[in-house]
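K.L.:
I'd like to go over a predicted model; first the sequence, then the structure.
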Amino acid sequence: MAKPGRIWNYLFKDKISGFGFLVVLFISLFGIFAPIISPHNPYTQILDFRNKPPGFTGEVILYRLEPDLPVYTTAVKSVTVHKNTVKYLDTIDRTFEIDKKMLNGNDRTEWNKKIRFYLGSDNFGRDILSRLLYGIRISLLVGFCASTISLIVGVFLGALAGYYGGLIETCIMRVTDIMFGFPLLLFLIGITAAFEPSLTVVFFAIGFVSWPGMARITRGQVKQIQENEFVKITEVLGFGKSRRLWKHIVPNSLTPIVVMYTLSISGAIMAEASLSFLGLGAQPPVPSLGAMINSGIDFIKISPWISIAPGFVIASIVIGFNMLGDDLKSTADPLMKK
């Protein structure tokens, strides 16, 4: 078993791969722990705080009209506490009075807060940083799920084509060639448009459309590995074809497959962002990075941060995975090393 120190030294022996690994690690941690580190609820709308710039701070009160109703968040300029009521001045200088029993909490720090929008707010008054953190979770979820589906389908079909050859190989590879002939995005648009848009439809569509590349790599590796001596020995020992294929050939073909899997994650994330941008991915108010970019297009001149922030995050995720995948690729293929 590899020691942690050796793994760490391997990842950081090259500055580019080390940087890519750190980018993937930190962004993944931000997404995983989004519910903990998110400063605000990503779905909370404060319309009086729409399109506020990064660093803006505002004051709000939280209350419920009825005990079983959701909490309302209202922007205020000032708050005055009386014996049984609370008076507040809203952002357009109107005075309102509510009963203390309606407040969300007993202590003033619970219902009267100053909130800070570290990366600004969007056109619905929602905190961009909080939505980014939750959007990272969605992007990573779709990326890993879609790539895993692609891995399973591609390895299965590629292994069958490479090992059995003949008519099986011809049929599988012709289907692969046909799928390569269609633009990926148009293929995905056609599939997702045929169903009700949702995240489940998105990662299944991406997974089932992106398997041809995995199948080709697996087929080539299987054809190469099955010519090795240890495979011929298993044949002499009387091992069945299925056992030779799935227990001996495929496991020894995994190095380039793992590299392809790593690189495919970034492609799946880009595909999900593109579909969400077009309105065929995660549906509002789910915080998807692609949808966030789209929501800021109409305000790009007055509030550019709405689109720039999610665009930067998508670019960072894709570049990080590509750097990590390229380093794994060069390690797996010594001929690529300089």
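P.N.:
Arrived safely, thanks for sending.
K.L.:
helix, strand or coil for residue 207?
P.N.:
Assigned by DSSP: H, G, I helix; E, B strand; the rest coil, the conformation of residue 207 is helix.
K.L.:
next SSE downstream of the one helix or strand residue 154 maps to?
P.N.:
Assessed by DSSP states H and E, residue 154 sits inside helix 128-164. Counting by DSSP H and E, the next helix or strand C-terminal to helix 128-164 is helix 166-180.
K.L.:
elements contacting that following helix?
P.N.:
helix 128-164, helix 211-225 (3 or more Cβ pairs under 8 Å, 6 or more residues apart in numbering; DSSP states H and E). Every residue, glycine included, has its C-beta placed from N, CA and C.
K.L.:
thinking again about what came up before, what residues of the helix holding residue 154 count as buried?
P.N.:
Residues 128-140, 142-151, 153-163 are the ones in helix 128-164 that count as buried (16 or more other Cβ atoms under 10 Å).
K.L.:
before we move on, what about stretch 87-94?
P.N.:
Neighbour count says stretch 87-94 has residue 88 buried, by 16+ other Cβ under 10 Å.
K.L.:
what's the first-to-last distance across that stretch?
P.N.:
Distance across stretch 87-94, first residue to last, is 10 Å (Cα to Cα, to the nearest Å).
K.L.:
with stretch 46-62 instead?
P.N.:
11 Å.
K.L.:
next one: stretch 160-174
P.N.:
14 Å.
K.L.:
tell me how far that stretch is from the chain's mean position?
P.N.:
34 Å (Cα atoms, centre = their mean, to the nearest Å).
K.L.:
residues contacting it, please?
P.N.:
By Cβ atoms under 8 Å, 6 or more residues apart in numbering, the residues outside stretch 160-174 that reach it are 157-158, 215-216, 218-223, 226, 241, 245, 249.
K.L.:
between which two of the residues you listed is the distance greatest?
P.N.:
Distance extremes for these: the farthest pair is 216 and 241 at 21.6 Å, using Cβ to Cβ.
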